[in-house]
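Engineer: sharing a model that was predicted from the sequence below.
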Amino acid sequence: MRAASAEDRSLAEKIIRSRFWHASRAAGSRPLRIAALGLCLAAAPPACREKADPVRQALDSIVEAAQDRDPDGVLENLSSDFRDANGTGLSEAQSTLRRYFAAYESLQIAIADLSVERAPNAARVTFRADLSGKPRRIGGLEGYLPRSSSYRFDLRLVPEEDRWKVAWASYAPAEDR
């Protein structure tokens, strides 16, 4: 799910300011104006009507960046003191992401079995990520890298810099796929 853009948020304003709206106002047709506003609000993306879950936004940002094979986009969602279950920090995570993303021409990720447990200053997120992609055809790389795989992730997110970021992560091959 993407965040609402300024263009999405201004949809209602555009309709209200349209000639149709002003013409109906001049004609005194209040029910028509109310119906038009109702249709506008109903047609607006859900992100415009509801406050988005910041934990889910962080996860969606990571998935989007990974699908774009953008290691910096993923790293933006990791806290400054990030560690994985093996003690790997940000610089090692960056190197790993760069190598992994460079090995694939394309990458798709589907999230399943999502569970979020919240506390005031932390959230635990567990899920299964089903990955599929097309390995690059460089030096026989496509023969060694999988086209699909599934992993179970366990993340701990914390609020940092006015948003939620991953402070700790563990993952292992999913056996339940």
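Structural biologist: Arrived safely, thanks for sending. All figures in this text were calculated on a predicted structure; none of them were measured in a lab.

Engineer: state the mean pLDDT of the host helix or strand of Ala65.
Structural biologist: Here Ala65 sits within helix 54-67, counting by DSSP states H and E. Average pLDDT, helix 54-67: 96.

Engineer: buried ones in it?
Structural biologist: Under the neighbour-count criterion of 16 or more other C-beta atoms under 10 Å, helix 54-67 has Val55, Arg56, Gln57, Ala58, Leu59, Asp60, Ser61, Ile62, Val63, Glu64, Ala65, Ala66 buried. The way it works is simple: take the backbone N, C-alpha and C, and place the C-beta from them, glycine included.

Engineer: out of these, which is nearest to Arg118?
Structural biologist: Nearest to Arg118 among the buried residues of helix 54-67 is Val55, at 7.2 Å by C-beta to C-beta.

Engineer: let's have the buried residues of helix 54-67 in CSV, adding distance to Leu114.
Structural biologist: Formatted as CSV, the buried residues of helix 54-67 follow (distance: C-beta to C-beta, whole Å):
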residue, distance to Leu114
Val55, 10
Arg56, 8
Gln57, 13
Ala58, 13
Leu59, 8
Asp60, 11
Ser61, 15
Ile62, 13
Val63, 11
Glu64, 16
Ala65, 18
Ala66, 16
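
Engineer: closest to Glu160 out of the residues you listed?
Structural biologist: Glu160 has its nearest neighbour among the buried residues of helix 54-67 in Ala58, at 10.1 Å by C-beta to C-beta.
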